[in-house]
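Asker: turn this into a model:
(2 chains)
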Amino acid sequence: MAYIGPKDFSQDTNLIAEVMRVMSGDLNLEWMKDHPHPMAARPKQPKRGLTLDDINDDPHYGPSALPEIIRRHFSMTPRGGILPEGLPSLGYRVNRKSDLWADSAAALFEESKSRRWAPARNVPWDALDEAPLSPEQDRAIRQLCTGLTSIGLVSTDVPSRWVWLMNQDFHEIKYWMCAQMFDATRLAEAFRKRALYGQGALGCDSRELGELLKIVMESETYPLASAALNLTLFSFVQSLGRRFEFLSSNAADTYLGTRLAQDASRFTAYGVDHIRQFVSAQPAQLEVVNEHLDLVDNGLVGYLGSRELIEPLIVLSGGVEPVAAFYRKAAEEYFERCAAAGLGARETRSPLQGFLKMLES
Amino acid sequence: MSIRFPSLEFFKALQQRAKDDADAFEKLGVCDTTFGVRVGSDLYRIAFEIYECTEVDEASDPASLDFVLTAPVALWKEMFESVIANGGADAAHTINSLTHVGDVMKVEYEDPEGHDRLYRFMATIQRFLDEAQHLDVELN
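Answerer: Below you'll find the model as predicted:
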C-alpha cells in the first residue's frame, strides 16, 4: 500500500501563501544562513580524486563521531545535514553501527568503481574462436558458467534485502552495498555471455547450489548475511575465479577468471573487516556467527559435492586429485580469513573438513 | 644495451615502462599494495599507489610486505621468456597460474588480507610484469 503523507499539500493554504510571498520577491533565505559546520574538503591525493575518505575528515560529517546506536533520526537526512522539525521516519531497522560497519568500506567502494570493467567490450571474446576446446571441455566450461551466473544473480539479491533497512548515517556501507550489487550483476552478465558465446548453451542448475544460496539469502540478520555472503560464499567464488583462470587456454577465459577473482576479493575484504569489527563490538555474537557459518559451510559442502560443479571441474582438471587439492587450498584460505575476522579456528568445527578428508582418502 | 635478470636494474626498468604506459595502468584502476618478488635468494620490494609503481628496491624484511611471490631463478626466467615471446604471459605463465597449485611459485604472507591484495590487484601486477616484453633482457 502506498504511503500517504499527513497533509494535502496542494490544498495547504499556509504553503500556498508562503509560495506567493516568495514569488513576489520576499525571500527569507533562512536555509542559506544556517551553516554551523563548514569544512574544507579537498583531495589529499589529486590523482585519486575527491574520495569519501577526503570528505570524512571532519567529525561532523565523517563517521568517527557516530554513536554505536543511531537514535536521533530515522529520516532521509544525509549525515551532517541540518534536521528540521517534523521529518518523516523512513523506517530504518539497522541502526547499530557495529552491525554493518567496516572502516575499509569507503575505500572498497572507490576501488570498485575505479577497477570497473565492461564484459561487452573488455573481454576479448574473439579469443574463444581461436582456441577451440574439446566438446567435453566446452560443455564443462559452460556448466561452470551456469553456476557462476546463478551465484552472481543471488549475490545482487542479498545486499538488496538489507540496504534499504540501513540508517542513512551509514551511507558509506549503503554505497558499498550498491557497488556490490553492480559487481555481482556484472559477474552474472559476464558468465552468462561466456556460457552462450558461439555455439553455446546454459548448463544444468544445481539443487545443492540453490540450497546454499537460499541459506545465504535467508540469513536472519545482516551480520549473519554478510558473514555468509562475503566471508564464506565469496571466499569460494574468489577461489573459483582463480581456478577458472588457471584452467583457461585463451585470453578471454584468462580475463574472466582474473576479474572474477578481483571482484570477489573486495567482497572478502569487506567481510573480514566487517565481521572482525562486529564480533569485537559484540563478543556475545561470536558463537552466533560461528553457528550460522556451520550451516553455510554445510550448504557449501553440498555445492562442492554436487555433480553440476565437481564433474566439470574434474573434466577440466584431468582427474579427481587436482580438484581435491583445489578444494583443500580454497578451504584453508577461507579458514585463514575466518581467523582474521576473529572467528577462531573454524577448521576445527566446519563440516568442510570431513568432506575434504573423504575426498582425499 | 641489455638488462640482466635478475637485478634491481631490471625491476627499475619495469617501473619506468609502467610510467611510460601510464594510461594503461590508469585504465586498470587504483592499485594500493606493497609486495615482494623473491628470485632465488634475492628479494625485491615493489610498491604501487593509486595508478603508479612508486617504489622498487631491494628488501630484507618480508614482514613489511603484503605478500611475496617466491620462485627459483629458472622459473622466473621461464615466465619472462613467455612474456617476451608472446607479448605478455601465456595462459600457463600468468602469476595466477604459477601460484595456483602452490608448489610451482609460492605466495608467502602473514596476513590473509595482505594475501588477498594479490587477487584484488592481479591484473595490474600481471601488466607490470608483462612490461618486460618491451625490454631488452638478458635472461641467460
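Asker: all contacts plus neighbour counts: C-alpha atoms, from now on.
Answerer: Will do.
Asker: what parts of the stretch 1-150 of chain A come near chain B?
Answerer: A:K47, A:R48, A:E111, A:S114, A:R115, A:R116 (CA under 8 Å from any CA of the partner chain).
Asker: how does it look with 10 Å?
Answerer: A:Q45, A:K47, A:R48, A:E110, A:E111, A:S112, A:K113, A:S114, A:R115, A:R116, A:W117 (CA under 10 Å from any CA of the partner chain).
Asker: also the stretch 151-300 of chain A?
Answerer: A:235, A:238-239, A:241-251, A:253-255, A:257-266, A:268-270, A:272-273.
Asker: try it again at 7 Å.
Answerer: The stretch 151-300 of chain A comes close to chain B at residues A:242, A:246, A:248-250, A:254, A:258, A:261-263, A:265-266, A:269, as judged by CA under 7 Å from any CA of the partner chain.
Asker: hang on, the earlier thing: between all of the residues of the stretch 1-150 of chain A next to chain B, which two are separated the most?
Answerer: A:Q45 and A:W117 (23.5 Å; CA to CA).
Asker: give me the more crowded residue out of those two.
Answerer: A:W117 (17 against 11; other CA atoms under 10 Å in any protein chain shown).
Asker: for residue 54, which residues are in contact?
Answerer: With no chain named, the answer covers chain A. A:A41, A:R42, A:P43, A:K44 (CA atoms under 7 Å, 6 or more residues apart in numbering or on different chains).
Asker: meant chain B actually
Answerer: B:A47, B:F48.
Asker: is it true that it lies in a helix?
Answerer: No. Counting by DSSP: H, G, I helix; E, B strand; the rest coil, B:T54 is not found in a helix; it is strand.
Asker: any figure for the gap between it and chain A?
Answerer: 13 Å (CA to the nearest CA, to the nearest Å).
Asker: how near is that residue to B:D21?
Answerer: B:T54 sits 14 Å away from B:D21, going by CA to CA, to the nearest Å.
Asker: same check on A:L240?
Answerer: Relative to B:D21, and taking CA to CA, A:L240 is found at 31 Å.
Asker: look at the nearest residue to A:Q282 once chain neighbours are set aside and tell me its secondary structure.
Answerer: Closest residue to A:Q282 apart from its sequence neighbours, by CA to CA, 6 or more residues apart in numbering or on different chains: A:S98 at 7.7 Å. With three-state DSSP as the basis, the three-state label of A:S98 is helix.
Asker: residues contacting A:S98?
Answerer: A:E68, A:Q277, A:F278, A:A281.
Asker: if we go to 8 Å?
Answerer: By CA atoms under 8 Å, 6 or more residues apart in numbering or on different chains, the contact set of A:S98 is A:E68, A:H274, A:Q277, A:F278, A:A281, A:Q282.
Asker: just A:Q168 next, same as before
Answerer: A:F74, A:S75, A:M76, A:T77, A:P78, A:R79, A:K174.
Asker: just the ones in helices from the residues you listed, please.
Answerer: Among these, DSSP state H puts A:K174 in helices.
Asker: just the closest of the contacts of A:Q168 to chain B, please.
Answerer: A:K174 (21.1 Å; CA to the nearest CA).
Asker: mind listing what whichever residue of the stretch 201-350 of chain A sits closest to chain B touches?
Answerer: Among the residues of the stretch 201-350 of chain A, A:Q262 lies closest to chain B, at 4.3 Å counting by CA to the nearest CA. By CA under 8 Å, 6+ apart, the contact set of A:Q262 is A:Q238, B:Y119, B:R120, B:F121, B:M122.
Asker: switch to 10 Å and redo it
Answerer: A:Q262 sits next to A:112, A:115, A:238, A:241-242, A:256, B:116-123 when contact means CA atoms under 10 Å, 6 or more residues apart in numbering or on different chains.
Asker: what of A:L128?
Answerer: A:L128 neighbours (CA under 10 Å, 6+ apart): A:R194, A:Y197, A:G198, A:S249, A:N250, A:A251, A:A252, A:D253.
Asker: from those, which land in helices?
Answerer: Those of the contacts of A:L128 mapping onto helices are A:R194, A:A251, A:A252, A:D253, per DSSP H.
Asker: which two in these are spaced the farthest apart?
Answerer: A:R194 and A:A251 (12.5 Å).
Asker: flag every residue of chain B that's near chain A.
Answerer: Within chain B, the positions adjacent to chain A are B:26-32, B:49-52, B:90-102, B:111-124 by CA under 10 Å from any CA.
Asker: what is the burial count for A:D294?
Answerer: 18.
Asker: what's the nearest residue to it if we skip its chain neighbours?
Answerer: Excluding its sequence neighbours, the residue lying closest to A:D294 (CA to CA, 6+ apart) is A:S350, at 5.8 Å.
Asker: ok, now which ones touch that neighbour?
Answerer: Contacts here follow CA under 10 Å, 6+ apart; on that basis A:S350 touches A:N290, A:E291, A:L293, A:D294, A:L295, A:V296, A:D297, A:N298, A:V301, A:A331, A:F335.
Asker: in the stretch 251-361 of chain A, which spans are helices?
Answerer: Using DSSP state H, counting those that start in this stretch, the helices found in the stretch 251-361 of chain A span residues A:251-281, A:286-305, A:307-317, A:320-340, A:351-360.
Asker: so which of those helices comes closest to A:E220?
Answerer: Of those, nearest to A:E220 by CA to CA is helix A:286-305, at 9.4 Å.
Asker: list the buried residues for that closest one?
Answerer: Buried positions in helix A:286-305, judged by neighbour count with 16 or more other CA atoms under 10 Å in any protein chain shown: A:286, A:289-290, A:292-305.
Asker: how about A:Q45, secondary structure?
Answerer: Assignment for A:Q45 (three-state DSSP): coil.
Asker: scan the contacts of A:Q168 and report the most crowded one.
Answerer: A:K174 (24 neighbours).
Asker: low pLDDT regions in chain B?
Answerer: Within chain B, no range satisfies pLDDT under 70.
Asker: mind listing the strands for it?
Answerer: B:3-4, B:33-39, B:42-49, B:52-58, B:68-71, B:106-108, B:137-138 (DSSP state E).
Asker: please name the strands paired to the fourth one in the sheet, noting orientation.
Answerer: By that I understand strand B:52-58. strand B:42-49 (antiparallel) (DSSP bridges).
Asker: in the worst-scoring helix or strand of chain A on mean pLDDT, what counts as buried?
Answerer: When the helices and strands of chain A are scored by mean pLDDT, DSSP states H and E, helix A:30-33 comes last with a mean of 84. Buried residues in helix A:30-33, defined by neighbour count with 16+ other CA under 10 Å: none.
Asker: can I get that helix in PDB? Just the C-alpha atoms.
Answerer: What follows is helix A:30-33, C-alpha atoms only, in PDB (Å, rounded to 0.1, in the frame of the first residue of the first chain):
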ATOM      1  CA  GLU A  30      17.000  31.000   6.300                       C
ATOM      2  CA  TRP A  31      18.500  27.900   4.700                       C
ATOM      3  CA  MET A  32      21.400  30.000   3.500                       C
ATOM      4  CA  LYS A  33      22.200  31.500   6.900                       C
END
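Asker: tell me the contacts of residue 48?
Answerer: Just going to use chain A. A:E110, A:S114, B:G29, B:V30, B:E49, B:I50, B:Y51.
Asker: if you could check chain B rather than the one you did, that'd help
Answerer: B:F48 neighbours (CA under 10 Å, 6+ apart): B:15, B:30-35, B:54-56, B:121, B:124-125.
Asker: what of B:L98?
Answerer: Contacts of B:L98 (CA under 10 Å, 6+ apart): A:F246, B:L69, B:A71, B:L75, B:M79, B:A91, B:A92, B:V104, B:M105, B:K106, B:V107.
Asker: buried ones among the contacts of B:F48?
Answerer: For those, buried by 16+ other CA under 10 Å: B:Q15, B:V30, B:C31, B:D32, B:T33, B:T34, B:F35, B:V56, B:F121, B:T124, B:I125.
Asker: in TSV, list those along with distance to A:A17.
Answerer: Formatted as TSV, the buried ones among the contacts of B:F48 follow (distance: CA to CA, whole Å):
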residue	distance to A:A17
B:Q15	68
B:V30	53
B:C31	56
B:D32	57
B:T33	60
B:T34	63
B:F35	66
B:V56	69
B:F121	59
B:T124	61
B:I125	64
